[in-house]
Structures are given as structure tokens and as C-alpha cells.
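Enquirer: sequence and predicted model, in that order:
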Amino acid sequence: MSTPVDVARFLPADHDAAMRRTVTDVMANLRGSMILGIGAEVRALQAEGREVCNLTIGDFRSAQFPLPTQISEGVLAAYKEGQTGYPPADGVPELKAAIAALYKRKLGIDYGAASVCVGSGARPPMYATWRLITRPGDRTVSFLPAWNNSYYAHFCETEHEFVPTLAENDFFPTVEAFAASLKGTRLVVLNSPLNPTGTAVSRDVLTGYAQAIVDENRSRGSGRPVVMMFDQVYWLLTAEGVEHHSPVALVPEVAPYIVHTDAISKCFAATGLRVGWGVMPSYMQGRMKALIGHAGSWAPRPEQLATAWLLQRPEQMDAYIVGMRGRISDRLGLLYRGLQDMKARGLPVDAIAPQGAIYMSIHLDLIGRGFDTNEEIRSYLLQKAGVALVPFQAFDMPENSGWFRASIGSVSPEDLAVALDRMETAIKARL
Ligand SMILES: Cc1ncc(COP(=O)(O)O)c(C=O)c1O
């Protein structure tokens, strides 16, 4: 065989200029994730032998948050049985039926399997929702802070408005602000329980949002309606006493305008398995199926079969979720109490009591006290205390507000106890 072509020799020297000349502006200008950047910094410190309590990533360490054994064993069994061909583009029938049954049982909404479209995690159905509903230049809306909407808006070239919210409203918009944001809007995105804040929308407020959508669309007559993508990827992980509802259960007339997006990623500590879905009006499902099919972004068949097996067994599924909630509340509870104790000792720290998901909103009131930006605070805590947090800027909230996200998916209660001590020492050293 002749000498292999050394491809790099034939490429232009200025890679960035060549990339910009070759790919579209939309792709050339797509930003990277700030959280992944912080994660790289954490790993560099760890490689130097530094102990870091990594509260940055919205993922799980399986030693702390194991997969349901029914899923891990089910996946292996399906591979061994040779279940390795293409699945139907919108999911295997068993899984679609199991998801419809789950929503009927736990959310009180009976869509039927024909309304379910499975994808490889929540992201493909989310991206597909954006593609289905928006055209370039359309007005789209989401609320601050929240995860990843800016990327979808960028891909779809929409005129996106980020509507601010207040900490005292748990970072959800008031019903009035929500209703006002719908004017001229094609797609509004709501996530609850909310990443990054760990808060959950209340029943009354969600009812108000749903009614506002119905009213807005009534006023549009036969014009194009506003649709809400309701991202409920953390919905089984609510804190004790906190309820989760679908807007469709609260105001059934909103059903034509809601796409639920969801996955096993978070509630079953299965981020790497890539099983998610959308649940929507059945007349939209075929369009989402077409997009998922052409992109090839379906979930692997063994993972789908194993997920279906567990969802079809409510007792086993619920037992796993009880354990999952317990592991989360052990960690978030410890973190919350630790921060409240620091506050009681006079430190300028606070947090919002956990309501759902795997996150906590932490407020470090240090701006103007030796720090000018969230980034300075983040970097100081990482270097001095070995505590890695993510500023809310990573969730599109531009202000240096002193708000940070802590994610407990990869830490033990013991890790947290030690980290809280280090954090207190580091903060005191700068006061
Ligand atoms: C709020 C929210 N929605 C959706 C997703 C995407 O989930 P998946 O990994 O299933 O694509 C995430 C992941 O971090 C998330 O935080």
C-alpha cells in the first residue's frame, strides 16, 4: 500500500478562517458551553492532586447515584437477545405505551401512545419542537435563568427574548409577566423543576400560565398559535411536599398548545443511556417522528426495551424513585442546612430551600465586598476552597448577581460536609 496521505498538510494553516469560510454563520457563531469550560478547569486542578468538591455538572456519578438494576440488566439482556437492529424512528411500541401509561397514572393526562415520540434523550425532542414550531425571525421566549434555550434559538435563528424573573418568585415569571410575554410569540419554553435553580412552579401559577396560553390563542382566532414546550425532565424528583403538574391536567383546553419533553436521563440517573421523549398533540407526532428519523437521533433499542420494562412495573419504578429522592434530599438538605448555619453565623450567604431537581440556588453576597463579578467569586472559591459552583451567567442571566448553581449529582454527603467547612474558611478570609 502507498504511504497514507498526511491530510493535515493539505489543509489551510489558519483553521479558524478556513472554518468561517466553509461553514454557515449560524454554525460558526455557535458558542460553547460555559459549564463544560468550568468542568475542564476542575479536572485540571484534580489532575494536580487538589481535592475539589465538584458541584458543577448536571450529571451523576454512578457510585453515588446508581442506575436502576432493572435497566442495566435489561439493557444487557436485550443486547444478548440480539435486539440490535434499528428501532422504529419514534420508539418501540412497548416504550411508547409505557410512557403514555405513566403520564396517565402519575400526571392524570391520557394522551395514548400515538402522541409519544421517543428520541435519544430529551434533547432531540426539544430541538425537534423548536424546528416544528419556529421559522427564522419568529419571536420565541424563555425565562431567566434557564438551561440551553439560547442554543436552540441560535440554531433556529429566532428573535428570542429572555424574560427576567425574581428570586422571591423562585425564578419563575409572574402570571402577568408570562401573559405579556406571549404577544406575537410562537414558542415559549418553560422548565419545572428548574435547572439551574432547583425550584418548581406552583400549581396556581402554572394554572395561570396555561390559561394565559388559552386566552392568547383564542384572541388569535385561526392565526398561528403560541405553543409551550414544557420541559419536565426532573419531574419525578420533587422535594417532599412539592407537587408537579402538567399544564394539561390543570387547564385541559391548553392541550393543543403543549409539547412535554422528558427523559430517563435525570430521574433514573441515566444521562448516558440516551432515552427521552416528547408527548404532544397526536397530529404533531408524525412530524417529530420524521425529524428524529432523518437525524437518526432515536434511542438505542436495548435501552428502550429496558426502560419500557421498568416503566411497566409501577411498584418497582416507584421504589427506585423513592430511593433517588432520598439520596438527593440527603445531599441538598445537608448543603442547605450548612449554608443556613453559615448565614446564622453572620456570613453573607443564603440559599433557596430545595423544591426539585438536583440543584440549589446559592446566593453569595460578596459583590462589592472585595469581588466585582460572579466569575471572580467562582474562581476564588475553586482555587481557595476547592468548591466548584456555576454562576447563573451560564444560564443566560447576565448580571453579576451573586447567584450560583450547585449540583449534587456527583458528590457524597461526606464530600459536602468537608466542602462546606472549606467554603466557610475561604469566605471568612475575605471579609
Ligand atoms: C432542564 C433540562 N432539560 C433537558 C435536559 C436534557 O436532557 P437529556 O440529557 O436527556 O438530553 C437537561 C440536561 O441537563 C436539563 O437540565
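Expert: Okay, I see it. Predicted model, so just to flag it, every value in this text is computed and none were measured.
Enquirer: does the worst-scoring helix or strand of the chain on mean pLDDT reach the ligand?
Expert: In the chain, no helix or strand scores lower on mean pLDDT, DSSP states H and E than helix 34-47, which sits at a mean of 90. No: Helix 34-47 lies out of reach of the ligand by Cβ under 6 Å from any ligand atom, never closer than 9.2 Å. Bear in mind the C-beta positions are built from the backbone N, C-alpha and C, glycine included.
Enquirer: from now on call the first residue 41
Expert: Let's use 41 as the start, then, which means that last one is helix 74-87.
Enquirer: what distance separates that helix from the centre of its chain?
Expert: Here helix 74-87 is found 20 Å from its chain centre; the criterion is Cα atoms, centre = their mean, to the nearest Å.
Enquirer: quick one: residues in contact with that helix.
Expert: Contacts to helix 74-87, defined as Cβ atoms under 8 Å, 6 or more residues apart in numbering, come from residues Val92, Asn94, Thr96, Ile97, Gly98, Arg418, Leu422, Gly426, Ala428, Val430, Gln433, Ala434.
Enquirer: what strand or helix carries the fifth one?
Expert: Here Gly98 sits in a region with no helix or strand, counting by DSSP states H and E.
Enquirer: ramachandran angles for Phe183?
Expert: When read as degrees, to the nearest 10, the backbone of Phe183 gives phi -120, psi 150.
Enquirer: now the element after the longest helix seen in the chain, going C-ward?
Expert: Counting residues, the longest helix in the chain under DSSP state H turns out to be helix 354-384. Per DSSP H and E, the first helix or strand lying C-terminal to helix 354-384 is strand 389-391.
Enquirer: alpha carbons of the next helix or strand after that following strand, as CSV, please.
Expert: Sequence-wise, the next helix or strand downstream of strand 389-391 (DSSP H and E) is strand 399-404. Presented in CSV, the C-alpha positions along strand 399-404 are these (Å, rounded to 0.1, in the frame of the first residue of the first chain):
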residue,chain,number,x,y,z
TYR,A,399,-29.8,21.7,42.1
MET,A,400,-29.7,24.5,44.7
SER,A,401,-29.6,28.3,44.1
ILE,A,402,-26.9,29.7,46.3
HIS,A,403,-26.5,33.4,46.9
LEU,A,404,-23.1,34.7,47.9
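Enquirer: contacting residues for whatever residue of the stretch 341-471 of the chain ends up closest to the ligand?
Expert: Nearest to the ligand, among the residues of the stretch 341-471 of the chain, is Ala397, at 7.7 Å (Cβ to the nearest ligand atom). By Cβ under 8 Å, 6+ apart, the residues touching Ala397 are Pro233, Leu234, Asn235, Gly238, Tyr274, Leu277, Lys306.
Enquirer: next one: Gln433
Expert: Here Gln433 is in contact with Met74, Asn414, Glu415, Asn440 (Cβ under 8 Å, 6+ apart).
Enquirer: again, only this time at 7 Å
Expert: Met74, Asn414 (Cβ atoms under 7 Å, 6 or more residues apart in numbering).
Enquirer: my guess is it is in a helix, correct?
Expert: Yes: counting by DSSP: H, G, I helix; E, B strand; the rest coil, Gln433 is part of a helix.
Enquirer: return the residues of the stretch 291-440 of the chain in contact with the ligand.
Expert: Taking Cβ under 6 Å from any ligand atom, the part of the stretch 291-440 of the chain that reaches the ligand is made up of Ala303, Ser305, Thr311, Gly316.
Enquirer: what helices or strands is the longest helix of the chain leaning on?
Expert: Contacts defined by 3 or more Cβ pairs under 7 Å, 6 or more residues apart in numbering; DSSP states H and E place helix 354-384 against helix 341-351, strand 389-391, strand 399-404, helix 453-469.
Enquirer: recalculate using a threshold of 6 Å.
Expert: strand 389-391, helix 453-469 (3 or more Cβ pairs under 6 Å, 6 or more residues apart in numbering; DSSP states H and E).
Enquirer: any idea how many residues pack against the residue of the stretch 41-190 of the chain found nearest the ligand?
Expert: Proximity to the ligand, evaluated over the stretch 41-190 of the chain using Cβ to the nearest ligand atom, is greatest for Gly161 at 3.1 Å. Counted with other Cβ atoms under 10 Å, the neighbours of Gly161 add up to 22.
Enquirer: pLDDT score for it?
Expert: For Gly161, the model assigns a pLDDT of 98.
Enquirer: and the residue lying closest to it once chain neighbours are set aside, what are its bridge partners?
Expert: Excluding the flanking residues, the one nearest Gly161 by Cβ to Cβ, 6 or more residues apart in numbering is Gly316, at 4.2 Å. Listed by DSSP bridges, the beta-bridge partners for Gly316 are Gly159, Ala303.
Enquirer: name all residues that make contact with Gly316.
Expert: When contacts are counted by Cβ atoms under 6 Å, 6 or more residues apart in numbering, Gly316 touches Gly159, Gly161, Ala162, Pro165, Ala303.
Enquirer: if we use 8 Å, what do you get?
Expert: Neighbours of Gly316 in contact, by Cβ under 8 Å, 6+ apart: 158-165, 273, 301-305, 339.
Enquirer: now, of the residues you listed, which are buried?
Expert: The neighbour-count test (16 or more other Cβ atoms under 10 Å) marks 158-165, 273, 301-305, 339 as buried among those.
Enquirer: wait, Gln325 touches Val158, no?
Expert: No: Gln325 lies out of contact with Val158 (Cβ atoms under 8 Å); the separation is 10.6 Å.
Enquirer: in which helix or strand would I find the nearest residue to Leu70 once chain neighbours are set aside?
Expert: Excluding the flanking residues, the one nearest Leu70 by Cβ to Cβ, 6+ apart is His194, at 6.1 Å. If you go by DSSP H and E, His194 is part of helix 189-196.
Enquirer: what's next to that helix, contact-wise?
Expert: Looking at what lies outside helix 189-196 - Cβ under 8 Å, 6+ apart - the contacts are 66, 69-71, 166-167, 170-171, 174, 176, 178, 180, 182, 200, 202, 229, 436.
Enquirer: do that helix and the ligand meet?
Expert: No: applying Cβ under 6 Å from any ligand atom, one finds helix 189-196 out of contact with the ligand, separated by at least 9.7 Å.
Enquirer: now that helix, how far from the chain's geometric center?
Expert: Per Cα atoms, centre = their mean, the centroid offset for helix 189-196 relative to its chain is 15 Å.
Enquirer: about what we covered before: buried ones in the least confident helix or strand of the chain, by neighbour count?
Expert: Taking 16+ other Cβ under 10 Å as the criterion, helix 74-87 shows Met74, Ile75, Ile78, Gly79, Glu81, Val82, Leu85 as buried.
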